[in-house]
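1. need the 3D shape of this:
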Amino acid sequence: MFTLKPPKKEAEVRVKPKLEPKDGIWDVIIIGSGPAGFTAAIYTTRARLSTLLFAGSSWGGQLMTTTTVDNYPGFPEGILGPDLIANMKKQAERFGAKILYEDVVKVNLHVKPIRIFTEEKEYKAKSIIIATGATYRKLGLESESRLAAKGVSYCAVCDGYFFRDKRVVVVGGGDSALHDALFLSNLAKEVTIIHRRDKFRGEVYLQEQVFNNPKIKVVFDTIVIDIVGKDKVEGVKIKNVKTGEEGYIECEGVFIAIGHVPASDIFKDQIELRDSGHIKVKDFVKTSVPGVFAAGDVADYKYRQAVTAAAYGAMAAIEAEKYIRKNTYI
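-> Here you go, the predicted model:
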């Protein structure tokens with residue numbers, strides 16, 4: 001009779017040592033250390049591909065400045081952003097990824113093997129996964145930085161749940177701002193959109209939904225000049241850009257939706273980019289250069305979630321393995 005054996009304890013699980021490059025050429029080099037980069041490293045090392053990951057001097061991505069992450073599967077009580085990244089890092093290292101805390105300053109994607117440069121050294125790879133992420137465009141206020149994660153947020157989908165039945169402000173006038181306002185209207189007591197122009201830039205159908213939503217107010221021709229609060233957001237000071245008149249709106253949350261800046265500068269003139277600066281991909285993760293893949297927010301201008309970044313990291317790793325095997329590298 002067949003019986004299932006209990007799973008081995010972690011200490012009993014045999015993990016192979018770090019995978020070293022052959023003739024100085026890595027199978028895969030990953031640039032970036034957020035969910036996309038570390039997930040890619042987990043997949044490539046489990047496929048027994050020698051993997052070098054450049055975490056950067058400031059590593060971990062946006063999750064390193066995030067408090068509780070409640071929407072990443074597998075953590076019913078939530079998990080701190082830095083702890084989630086630390087777990088991913090440990091898992092990648094466990095399977096043999098080598099991690100360097102250096103910044104990549106230049107690449108040459110049009111030679112084989114691909115060249116990656118730091119300030120001090122050149123590295124070679126058969127394939128590369130770009131997972132450099134993106135940063136939120138900010139208002140540039142001192143109070144914005146001081147109250148980050150204390151009522152100031154850049155992700156309505158991530159943090160909207162914490163503002164149920166509260167008053168919130170959304171800053172911006174594009175699709176992201178309108179989407180955020182509509183999403184928040186299902187949770188918050190009142191949503192006010194503040195936009196510096198006299199009309200929205202977002203899609204017409206989104207504008208119609210916003211204007212027809214009784215929980216959403218719109219303030220045009222206006223900017224936020226300060227976010228008020230000591231330990232948490234209490235309101236925003238505003239100024240009309242045409243009249244100079246100043247005012248105040250009470251709120252418990254401020255969602256800033258004025259765009260993202262993808263970390264793609266060093267790849268200009270190397271691969272095809274969108275007008276927004278995001279890397280253009282086909283088949284989810286393939287760039288315009290064979291053997292070069294992109295994952296996470298550097299390419300994803302739409303969803304921008306930790307879980308989707310991890311998913312793209314897995315896809316990029318699988319495609320990198322296929323590319324290497326197809327080109328008889330293994």
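2. what's near enough to touch the closest residue to residue 252 other than its chain neighbours?
-> If you skip the residues right next to it in sequence, residue 252 has residue 166 as its closest partner in space, 4.2 Å away by C-beta to C-beta, 6 or more residues apart in numbering. Heads up, the C-betas are built off the backbone N, CA and C, glycines and all. Residues in contact with residue 166 (C-beta atoms under 8 Å, 6 or more residues apart in numbering) are 188-189, 251-253.
3. swap in 7 Å and give it another go.
-> By C-beta atoms under 7 Å, 6 or more residues apart in numbering, the contact list for residue 166 reads 188-189, 252-253.
4. quick one, grab the pLDDT at it.
-> pLDDT recorded at residue 166 is 97.
5. ok, it to residue 139 distance?
-> To residue 139, residue 166 is 20 Å away according to C-beta to C-beta, to the nearest Å.
6. got it, and residue 52?
-> Residue 52 is 37 Å from residue 139, where distance means C-beta to C-beta.
7. between the two, which has more neighbouring residues?
-> Taking other C-beta atoms under 10 Å, residue 52 and residue 139 do not tie; residue 52 has more neighbours (24 against 17).
8. from residue 190, how far out is the residue nearest to residue 252?
-> 8 Å.
9. tell me the centre residue of this structure?
-> With distances taken as C-alpha atoms, centre = their mean, the chain has residue 297 as the residue nearest its mean C-alpha position (4.4 Å).
10. quick one: that one is in a strand?
-> No - counting by DSSP: H, G, I helix; E, B strand; the rest coil, residue 297 is not found in a strand; it is helix.
11. list the helices and strands the top helix by length along the chain packs on?
-> Among the segments of the chain that qualify as a helix by DSSP state H, the longest is helix 306-326. If you count contacts as 3 or more C-beta pairs under 7 Å, 6 or more residues apart in numbering; DSSP states H and E, helix 306-326 packs onto helix 35-46, strand 122-130, strand 292-294.
12. next, count neighbours for residue 76.
-> Residue 76, neighbours per other C-beta under 10 Å, totals 7.
13. need the helix or strand of the protein with the lowest average pLDDT.
-> The weakest-scoring helix or strand in the chain, judged by mean pLDDT, DSSP states H and E, is strand 68-69 (a mean of 82).
14. show residues contacting that strand.
-> 63, 78-81, 84, 306.
15. so what's the residue count around residue 42?
-> Residue 42, neighbours per other C-beta under 10 Å, totals 23.
16. and what of residue 234?
-> What residue 234 shows, counting by other C-beta under 10 Å, is a neighbour count of 15.
17. over to the one 10 residues further on?
-> Counted with other C-beta under 10 Å, the neighbours of residue 244 add up to 7.
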